[in-house]
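[1] 3D model of this:
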Amino acid sequence: MHWLDPDYLPKTTGTLDRFVLNPKADIDGLLLTDGTEIHTPPHLSSELLAALAPGAKLTAHGVKTRDGGVITAVAIDPDQGERIVDNGPGHKHDKHKKPPHPTEKHGKSALHRGAIQRLLHGPKGHAHGVMLDDGVVVRFPPHAAKSFADLLVIDAPLSVHGVSRTTEHGTVIDAEAMGMEPSTLIEVAKRLEHAPKKPKKGPPPGEHGHHH
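    Got it, this is the predicted structure:
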């Protein structure tokens with residue numbers, strides 16, 4: 001998205017409610033107080049943390065996805081401070097690499113229960129996590145959302161087992177197994193193994209696509 005000119009994109013202005021954490025506990029999203037969800041690339045994590053805090057006013061320049069209704073940001077203008085622009089990973093922002101917030105980088109295995117407050121989405125609008133009623137973020141691969149669609153219902157109970165990392169901005173669990181109750185946990189990897197595979201594109205069997 002870093003090839004787009006932020007000044008020609010729709011603007012969304014609001015107040016930061018909280019950061020969204022990815023499985024490595026980097027920031028890859030912002031939730032505004034009005035419920036708006038903004039996706040930001042993880043390589044901007046340290047810049048966002050340095051410029052913003054809950055309660056800060058900001059303007060996001062980005063596009064809204066068809067699915068999920070998330071705004072994929074190309075630039076964030078904090079009310080106080082300079083514009084933060086997505087110039088792609090590995091750009092001159094590498095000097096910010098070290099996160100300014102302490103985190104349990106290796107994480108610890110945890111079993112956690114809560115009620116689903118909202119779904120969280122990736123840059124293309126696919127659900128790739130949930131926020132529980134206690135503020136804990138649960139993350140899973142985007143393609144797991146379909147396999148677990150029966151579980152991912154607002155206000156429904158969710159039990160999750162996975163690697164938990166805690167920062168001053170909250171806790172994130174990288175889900176290894178999910179279920180309504182701890183007794184009904186299903187391994188994410190196993191559920192994905194049994195998901196219907198998409199047929200591979202290519203010539204039908206027996207043909208090599210050559211015409212003599």
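
[2] and the longest strand along the chain, what does it pack against?
    Longest strand in the chain, counting residues (DSSP state E): strand 108-121. Where contact means 3 or more CB pairs under 8 Å, 6 or more residues apart in numbering; DSSP states H and E, strand 108-121 is packed against strand 37-39, strand 127-132, strand 137-139, strand 157-167. Glycine gets a C-beta too; all of them are placed from N, C-alpha and C.

[3] and with 7 Å instead?
    For strand 108-121, the elements it packs on are strand 37-39, strand 127-132, strand 157-167, judged by 3 or more CB pairs under 7 Å, 6 or more residues apart in numbering; DSSP states H and E.

[4] please identify the most buried of those.
    Most buried of these, by mean neighbour count (mean count of other CB atoms under 10 Å): strand 127-132, with a mean of 24.

[5] tell me the strands beside that strand, with direction?
    strand 108-121 (antiparallel), strand 137-139 (antiparallel) (DSSP bridges).

[6] and the ones you listed as a markdown table, adding mean pLDDT?
    Output for the strands paired with strand 127-132, formatted as a markdown table (pLDDT from 0 to 100):
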| stretch | mean pLDDT |
| --- | --- |
| strand 108-121 | 97 |
| strand 137-139 | 98 |
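
[7] what about these, which gets the closest to E176?
    strand 108-121 (8.4 Å; CB to CB).
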